[in-house]
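Novice: predicted model and sequence below, questions to follow.
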Amino acid sequence: MNCINAYWENFSKKRFSPNFSFRNNYFLAKIGEYLFLCEKIVEYPELGGYCTSPNLFNKKTGQPDPFGILSQSIFGPLNSYRCACGSLKNKTLDGGQICPKCHVMCADNSLRLTTFGKIKLVAPVFKPTRKNEIIKLIGKTHKQILDPKQSDSNAALTKYMTVSPDKSEIRIVSSADSCPSDMVLIPFRISGIFSLIFILKFLDDVLKVPCVKPVFENKCIIDEIDVLPPDVRPVFKDPFKPDTLRFEEVNKFYVSLLNSNKRNKLFYPTLMEEHRAWCYELGDKLHNKDFEDMNVNTIEYDQMSAFYQVYVDNIYNWCFEHIRGKEGIVRSTILSRTLEFSGRTVVTVDPSVKPYQLKVPREMLFTLWFPYFLHYLTTKNIMQYDECISKVVSKKYSEIREDEEVFGHFLDFLKWFSTSEEARKIDA
C-alpha cells in the first residue's frame with residue numbers, strides 16, 4: 001500500500017509536466033481506481049463472529065446478508081458442503097475449507113442449528129439473569145434504576161454512591177446531603193443504567209472495592225449478546241406473498257439492536273473518551289477530598305443504555321418462554337416421550353433390589369410407617385415400650401422424629417415387621 005501511495009505522489013507531480021503522455025495518464029487512472037477499491041475492502045466475519053448489518057437478505061441476490069443475523073459465513077452454509085457462490089461443493093476435497101470469494105465454510109448445514117453469533121453493543125447493559133445480584137448489592141429500594149421503562153423518571157433522580165473508608169460496603173443515597181458521616185461520597189450523579197454501570201466500573205478499576213468485583217467476574221454487565229442459531233429462530237418467505245417475511249419475534253429484537261448500533265456508532269469514540277476523562281476527573285476529586293458534584297450530563301447515554309436494555313430483556317424473555325412450562329422445549333420434546341400427557345420422567349426400581357439396598361429419607365420412612373408403629377407399640381406388653389408410647393402420645397410429631405430413643409424402637413419395629421408372621425396378618 002505504501003508503494004502504491006508513492007506511485008500516486010510521483011504521478012501527481014508529473015501530471016502538469018509537458019512530457020506527460022496519454023499512456024501515463026491511463027496508468028495513473030488505473031492506480032487511482034485500485035486505490036479506490038482498496039478503501040472498499042471489508043473483512044468478512046468468521047464462523048461464530050459478529051453480526052453488524054440489520055438486513056436479513058441481500059436485495060440483489062436474495063441470499064442472506066453476509067453480515068446479518070442469517071449470514072452463511074457466521075452461522076454456516078444453507079446447503080450442506082456448498083458455499084454461497086458455489087466454488088466449493090465437494091465434500092471430500094473441499095470439506096472444512098473457507099471459500100476465498102464468499103467466505104462461507106464448506107461444511108454440513110447442521111452448523112446453523114448449533115453455531116451462535118454475537119452482537120457488539122455500543123452501550124453496556126445488565127445481564128437479565130444476573131439482575132438479582134445487582135439488586136442485592138445496591139438494595140431493593142433502588143432497583144428502579146435497573147428498570148429501562150422508568151428511564152424518564154430516573155433522569156430526575158439525584159442519587160449518589162457512597163463507600164465506607166475500609167471499602168467493605170457501598171450504599172446509594174437519595175441526595176448528596178443525606179450521605180452518612182461514616183461513608184465517603186462519590187460526587188457523580190446516578191440518573192440511569194449507564195451512570196450506575198460507570199460508577200460500578202470506577203469502584204472496581206480505580207478504588208478496588210472488593211464487594212463490586214464479583215459483578216464483573218460473574219459477567220453481570222455485558223457489552224455484547226449472543227445470537228441464537230438461525231434454525232432455532234427460522235425466517236422464511238410467505239409462498240403466497242413473496243415480499244412478506246414470516247419469522248420468530250426474537251429476530252425483530254436482534255434487528256432492533258443492530259439498527260440501534262447503526263444509529264449510535266458515531267457516539268462510541270466520544271463515549272470512550274468521556275469515560276476516561278470522567279475517571280481521571282473523579283479520581284482527582286476524591287484524591288483532593290473535593291465532594292462537589294461533577295455536573296456531568298449522562299442522560300443521553302442513560303437513554304441509550306435503556307433502549308439496549310429493553311431489547312436485551314425481550315430476547316431473554318423470549319428464550320425463557322420457549323424453554324419453561326409444559327409447552328416449553330424441555331418438557332414437550334425431551335421428558336417422558338413414552339407417556340402421553342405426561343411432563344415428568346418416571347423412575348422405576350429394579351425388582352431384584354433387596355429392601356436393605358434402598359435408601360429412604362428418615363422423615364419419609366417415619367411418615368409412611370407411623371400408623372403401623374403405633375399399633376406395634378400398643379400391642380406389645382413390655383415395660384420398655386410404655387415410656388415410648390407416652391412420648392409418642394405427649395410429644396408433637398416433629399419432636400418424635402428428632403428423638404433418637406423413639407427412632408431406635410422404630411428400627412426394632414421394622415425388623416419385627418419384616419420377619420414376624422403376626423406382622424403379615426396386620427399388613428393383610
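Specialist: Perfect, I can see it now.

Novice: any idea how this protein splits into domains?
Specialist: 2-39, 122-329, 355-427 (automatic domain parsing).

Novice: could you pull out the strands for the protein?
Specialist: 117-126, 159-163, 170-173, 184-190, 221-227, 235-237, 245-247 (DSSP state E).

Novice: can you redo those as JSON lines with distance to residue 290 and mean neighbour count?
Specialist: Placement of C-beta: from N, CA and C, glycine included. Output for these, formatted as JSON lines (distance: least, CB to CB, whole Å; neighbours: other CB atoms under 10 Å):
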{"stretch": "strand 117-126", "distance to residue 290": "27", "mean neighbour count": "21"}
{"stretch": "strand 159-163", "distance to residue 290": "14", "mean neighbour count": "22"}
{"stretch": "strand 170-173", "distance to residue 290": "18", "mean neighbour count": "19"}
{"stretch": "strand 184-190", "distance to residue 290": "7", "mean neighbour count": "21"}
{"stretch": "strand 221-227", "distance to residue 290": "28", "mean neighbour count": "17"}
{"stretch": "strand 235-237", "distance to residue 290": "55", "mean neighbour count": "12"}
{"stretch": "strand 245-247", "distance to residue 290": "54", "mean neighbour count": "13"}
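
Novice: just to check, residue 196 is in contact with residue 190?
Specialist: Yes - if you go by CB atoms under 8 Å, residue 196 and residue 190 touch, sitting 5.3 Å apart.

Novice: joint contacts of those two?
Specialist: Common neighbours of residue 196 and residue 190, using CB atoms under 8 Å, 6 or more residues apart in numbering, are residue 145.

Novice: quick check: residue 214 touching residue 133?
Specialist: Yes - between residue 214 and residue 133 there is a contact under CB under 8 Å: 7.3 Å.

Novice: quick revisit: the domains of the chain: lowest mean pLDDT?
Specialist: Mean pLDDT is lowest for domain 2-39 out of the domains of the chain, coming in at a mean of 43.

Novice: now do the contacts for residue 376.
Specialist: 413, 416-417.

Novice: sorry, back to before: could the strands of the chain go into JSON lines alongside distance to residue 111?
Specialist: Listed next are the strands of the chain as JSON lines, based on distance: least, CB to CB, whole Å:
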{"stretch": "strand 117-126", "distance to residue 111": "11"}
{"stretch": "strand 159-163", "distance to residue 111": "45"}
{"stretch": "strand 170-173", "distance to residue 111": "45"}
{"stretch": "strand 184-190", "distance to residue 111": "44"}
{"stretch": "strand 221-227", "distance to residue 111": "14"}
{"stretch": "strand 235-237", "distance to residue 111": "17"}
{"stretch": "strand 245-247", "distance to residue 111": "20"}
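
Novice: of these, which is nearest residue 280?
Specialist: strand 184-190 (12.6 Å; CB to CB).

Novice: and the angle for that closest one with strand 159-163?
Specialist: 150 degrees (axes from the mean of the first three to the mean of the last three CA atoms, to 10 degrees).

Novice: with adjacent residues omitted, what lies nearest to residue 167?
Specialist: residue 209 (4.8 Å; CB to CB, 6 or more residues apart in numbering).

Novice: contacts only, for the one you found.
Specialist: 163, 167, 170, 203.

Novice: beta partners of the first one?
Specialist: Which is residue 163. residue 170, residue 184 (DSSP bridges).
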